[in-house]
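> I'd like to go over a predicted model; first the sequence, then the structure.
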Amino acid sequence: MEQKQARPLTPEEQAEAQKQSVIWQRECFQNAQKHLAEKGVIPQTVVEKESRFIAPLVAIWKFKAQNGKSYWVITGRLPTDHAEAGAAANPREVLRYFSMQWQLKADQLMESGATDKTKVDFANLLINRAHGLYELFEKDEMWQNEPA
């Protein structure tokens with residue numbers, strides 16, 4: 001089977017891709033804020049220099065909240081979740097942290113004898129996304145420009 005050579009995007013296609021990326025990022029930001037608010041955490045500011053975006057898969061946000069604490073929030077094509085900033089030192093470690101947390105949550109769901117289709121599906125989703133996050137964590141080339 002012959003592989004097609006990727007052609008460069010036209011300026012119009014580049015502009016459309018950029019527009020879609022901005023829309024995706026805005027949606028992720030709104031989801032992150034909503035998630036924190038639903039958990040009783042009122043975001044005050046976002047720490048942009050520590051936030052990362054792997055569009056269209058995952059966005060990692062670091063927020064400072066009105067309660068004086070900082071939080072990591074993960075959004076995108078996966079369940080939105082959060083943790084206090086002390087759980088991970090940087091965005092790369094956030095991926096590993098949530099990967100491990102989600103595997104533990106999935107194990108707990110399955111060990112609790114989950115037979116409800118919704119719970120089983122959610123456990124399987126957590127496992128699938130946990131593996132995906134860990135694969136992103138392991139890709140050294142993605143993190144070469146990150147501060148050590």
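Structure received. Residues are numbered from 1 along each chain as shown.
> where does this protein dip in pLDDT?
Low-confidence segments of the chain (pLDDT under 70): 1-5, 114, 147-148.
> Which strands or helices does the biggest helix by length in it pack on?
Longest helix in the chain, counting residues (DSSP state H): helix 11-38. Here helix 11-38 touches strand 43-46, strand 52-54, strand 58-65, strand 70-76, strand 81-84, going by 3 or more CB pairs under 8 Å, 6 or more residues apart in numbering; DSSP states H and E. C-betas here are computed from N, CA, C, even on glycine.
> What is the third one packed up against?
If I follow you right, that is strand 58-65. Packing partners of strand 58-65 (3+ CB pairs under 8 Å, 6+ apart): helix 11-38, strand 43-46, strand 52-54, strand 70-76, helix 91-111.
> switch to 7 Å and redo it
Other elements packing on strand 58-65 under the criterion 3 or more CB pairs under 7 Å, 6 or more residues apart in numbering; DSSP states H and E are helix 11-38, strand 43-46, strand 70-76.
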